[in-house]
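>>> any chance you could fold what I've pasted below:
(chains A and B)
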Amino acid sequence: MSSFMRRRPFSALLLVLLLALVGWVWHERVALMAFPDIISAYTAKEYCSCRYVMGNDTEYCLSYVKQWLPTSGFYDDVTNKRITVSGMGRTNRAAWIGERQGCRLNP
Amino acid sequence: MPKGLFLFFMLLLSLPAHAEDWPTEQWPTGPAITGPALQALEAYAFPPRDDTTRRGIRSDALLVIRDGQLIYERYAGPTNAQTPHLTWSISKSLMTTVLGVAYGDGRFRLQDPVAKFYPPMEKHPDLTMADLLHWASGIDWQEDYEYAPLKSSVVAMLYTRGRQDMAAFTADHDTYAAPGQAFRYSSGDSNLLSAALKTIVGPDRYADYPWTALFEPLGIRRAIWETDATGTFVASSYAYLTARDLARIGLLMARDGRWGDKQLLPKDWVAFNREPFIGYRANQDEAVPGGHWWLNRAAGGGARPWPDAPADTFAALGHWGQAMYVIPGANLVIVRYGDDRDGSYRHNELLRLALKAFAGSEQP
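Take a look at the predicted model:
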């Protein structure tokens, strides 16, 4: 090992970094698996509440939920007050439930 | 005694009842305030609003109640007097006020273990209701929103891993300290209170309880409180009220839990809300935690967080600049809704300017 490190110092360094990365990914695997859902879930839920609980207009609510991560496939089913949003390869939905209960994710 | 004098004394006796204003369907209004002090407040709270960059102070609503009368209100952006605005973490203090009614009915005690009402907390058997109200559960929670989304417990609770059952998600965390010892602000603690309330009042009454116990007695006709998939109110984040209706809760607190002639919250409950948590250390947060309300008290070796406001000021505070300040000594309740995205808004500055504009001669 030590002779390998002397002969190939850069490869050895890369190998150590790679192992550290793998270890970190394993350690944070639960959080990492959930992470891509954040942007679409956040956008669907907070848009739903902005539009159908607070009663603000569509243009304002679209700007209200804008974050630094991009979303795609935004769809507001106006009849059923149901919002579908995709982003980072995940899709989430939120819908308006009722006068007192407001909106909820994936109802 | 001459008849005129007798009537005069009777009038004096009846004065206190007439002197106290309360809202009915609407708030009674007081004399309109004008002048340079109000202009300075408005210049601070309502600068030109930039909806593209979302920079700077972006107030949605500012409303002031003095002596039970509405003396000022102004709205901006899409918000108006009829908008039930998202309160974010003001919801925590609202849930506490709902709990206060159940406490007044003798349904639980502050030293009761949470596990008595919420079995998943058997993992944390020594944790009491008071510890949760102090944000001192000792549960290893990370309360970051935008800046550390991967590690944020609150983002995971609201949007990903915890969203189906937020209390169970919280209970499943490990501990970092013994309960009741150390302050760490946690939205999870608030949702555990919400889950405990389900057993405290019974699952049949729970879904209507915030309305029957608190909103309806105060004349609040339109309130929204979103739940997770198990029906538990998201006490950490998702209550919506108009500014005028939130101020009703403020008046209830300003008058020590009394609404009209009814003591809706026991006085010792409000006293607990307003007592600094002894485990708090200076500068751990932007204000001093009491029982799920924020206090302007010198505590934990630090000075008052808002030096330009009286020491009896307390508040319910939420993300993106939501705030309700209660100043009992000045008979003031101030509701401020906003959409601040850059943290430039300062509670102390708003309070300083508002006190200048609205506090009477009794101002310290």
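>>> from now on I want contacts and neighbour counts done on CA atoms only, so please keep to that.
Will do.
>>> where does the residue most central in space within chain A fall, secondary structure wise?
Of all residues in chain A, the one closest to the mean position by Cα atoms, centre = their mean is residue A:38, 2.5 Å from it. Take DSSP states H and E as the rule and residue A:38 turns out to sit in helix A:37-48.
>>> who touches that helix?
A:61-62, A:64-67, A:69-71, A:81-88, A:90-96, A:103-105, B:155-156, B:159-160 (Cα atoms under 8 Å, 6 or more residues apart in numbering or on different chains).
>>> and what of stretch B:159-179?
With contacts defined as Cα under 8 Å, 6+ apart, stretch B:159-179 is touched by A:34-35, A:37-38, A:41-42, A:105, B:120-121, B:123-124, B:126-128, B:131, B:136-141, B:156-158, B:188-189, B:191-192, B:194-195, B:228-230, B:232, B:234.
>>> how far away is the residue nearest to the centre of chain A from residue A:49?
Here the criterion is Cα to Cα, to the nearest Å. By it, residue A:38 lies 16 Å from residue A:49.
>>> so how far is stretch B:247-261 from its chain's centroid?
Mean-position distance between stretch B:247-261 and its chain equals 12 Å (Cα atoms, centre = their mean, to the nearest Å).
>>> what is whichever helix in chain A runs longest packed up against?
Counting residues, the longest helix found in chain A (DSSP state H) is helix A:9-27. For helix A:9-27, the elements it packs on are helix A:2-7, judged by 3 or more Cα pairs under 8 Å, 6 or more residues apart in numbering or on different chains; DSSP states H and E.
>>> just the CA coordinates for the helix it packs on, please, in PDB.
This file holds the C-alpha atoms of helix A:2-7, laid out as PDB (Å, rounded to 0.1, in the frame of the first residue of the first chain):
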ATOM      1  CA  SER A   2       2.700   2.500   1.000                       C
ATOM      2  CA  SER A   3       4.700   1.700  -2.100                       C
ATOM      3  CA  PHE A   4       1.500   2.200  -4.200                       C
ATOM      4  CA  MET A   5       1.000   5.600  -2.500                       C
ATOM      5  CA  ARG A   6       4.600   6.600  -3.300                       C
ATOM      6  CA  ARG A   7       4.400   5.400  -6.900                       C
END
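>>> contact residues of the stretch 151-300 of chain B facing chain A?
Residues of the stretch 151-300 of chain B lying close to chain A (Cα under 8 Å from any Cα of the partner chain) are B:151, B:155-156, B:159-161, B:163, B:223-229, B:240.
>>> select only the buried ones of the residues you listed in ChimeraX?
Entered in ChimeraX, the line below selects the buried ones among those, by 16 or more other Cα atoms under 10 Å in any protein chain shown:
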select /B:151,155,156,159,160,161,163,223,224,225,226,227,228,240
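>>> now, the residues of the stretch 151-300 of chain B next to chain A that are in strands?
B:224, B:225, B:240 (DSSP state E).
>>> so how do I select the buried members of the contacts of stretch B:159-179 in ChimeraX?
Applied in ChimeraX, the following selects the buried portion of these according to 16+ other Cα under 10 Å:
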select /A:35,37,38,41,42,105 /B:120,121,124,126,127,128,131,136,137,138,139,140,141,156,157,158,188,189,191,192,194,195,228,232,234
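>>> quick one: pLDDT of residue A:26?
Residue A:26 is assigned 86 on the pLDDT scale.
>>> buried subset of the contacts of helix A:37-48?
Buried among the contacts of helix A:37-48 by 16+ other Cα under 10 Å: A:61, A:64-65, A:71, A:82-87, A:90-96, A:103-105, B:155-156, B:159-160.
>>> circling back to that earlier point, which pair in the residues of the stretch 151-300 of chain B next to chain A spans the largest distance?
The most widely separated members of these are B:151 and B:223, with 32.2 Å between them, by Cα to Cα.
>>> quick one: low-confidence residue ranges for chain B.
B:1-18, B:145-147, B:360-364 (pLDDT under 70).
>>> if we take the residues of the stretch 151-300 of chain B next to chain A, which one ends up nearest to residue B:267?
Closest to residue B:267 out of these is residue B:223 (25.1 Å), distances taken as Cα to Cα.
>>> tally of neighbours for the nearest residue to that closest one once chain neighbours are set aside?
Residue nearest to residue B:223 in three dimensions, not counting chain neighbours: residue B:241, with 5.3 Å by Cα to Cα, 6 or more residues apart in numbering or on different chains. Using other Cα atoms under 10 Å in any protein chain shown, residue B:241 has 22 other residues around it.
>>> same check, this time on residue A:2
Residue A:2 has 9 nearby residues by other Cα under 10 Å.
>>> roughly how far does it sit from chain B?
36 Å (Cα to the nearest Cα, to the nearest Å).
>>> distance check, the nearest residue to residue B:59 once chain neighbours are set aside against residue B:63.
Using Cα to Cα, 6+ apart and skipping the chain neighbours, the partner closest in space to residue B:59 is residue B:338 (4.1 Å). The spacing between residue B:338 and residue B:63, counted by Cα to Cα, is 12 Å.
>>> repeat for residue A:51
Counting by Cα to Cα, the gap from residue A:51 to residue B:63 is 23 Å.
>>> same deal with residue B:334?
With Cα to Cα as the criterion, residue B:334 and residue B:63 are 6 Å apart.
>>> of those two, which one has the most company?
residue B:334 (25 against 21).
>>> which residues are contacting the host helix or strand of the more buried one?
Using DSSP H and E, the element containing residue B:334 is strand B:332-338. Residues from elsewhere that reach strand B:332-338 (Cα under 8 Å, 6+ apart): B:57-67, B:85, B:87, B:243, B:246-247, B:250-251, B:254, B:320-327, B:359.
>>> so which of the residues you listed are in helices?
Checking the contacts of strand B:332-338 against DSSP H, those in helices are B:243, B:246, B:247, B:250, B:251, B:254.
>>> so the residue nearest the centre of chain B, which state does it fall into?
Against the mean C-alpha coordinate of chain B, by Cα atoms, centre = their mean, the closest residue is residue B:316 at 3.0 Å. Secondary structure, DSSP: H, G, I helix; E, B strand; the rest coil: residue B:316 is strand.
>>> how close does it sit to residue B:60?
Separation of residue B:316 from residue B:60 (Cα to Cα) stands at 17 Å.
>>> which ones are touching residue 55?
In the absence of a named chain, chain A is used. residue B:83.
>>> wait, chain B
Residues in contact with residue B:55 (Cα under 8 Å, 6+ apart) are B:340, B:341, B:342.
>>> mind checking which of these are buried?
Buried among the contacts of residue B:55 (16+ other Cα under 10 Å): B:340, B:341.
>>> just the ones of the contacts of residue B:55 in strands?
Using DSSP E, none of those sit in strands.
>>> the strands in chain B, which residues?
Using DSSP E, strands in chain B cover B:59-66, B:69-75, B:85-86, B:224-225, B:239-241, B:258-259, B:262-263, B:288-289, B:294-295, B:314-318, B:322-327, B:332-338.
>>> quick one: contacts of the fifth one?
Strand B:239-241 has contacts (Cα under 8 Å, 6+ apart) with A:53-54, B:83-88, B:90-91, B:222-226.
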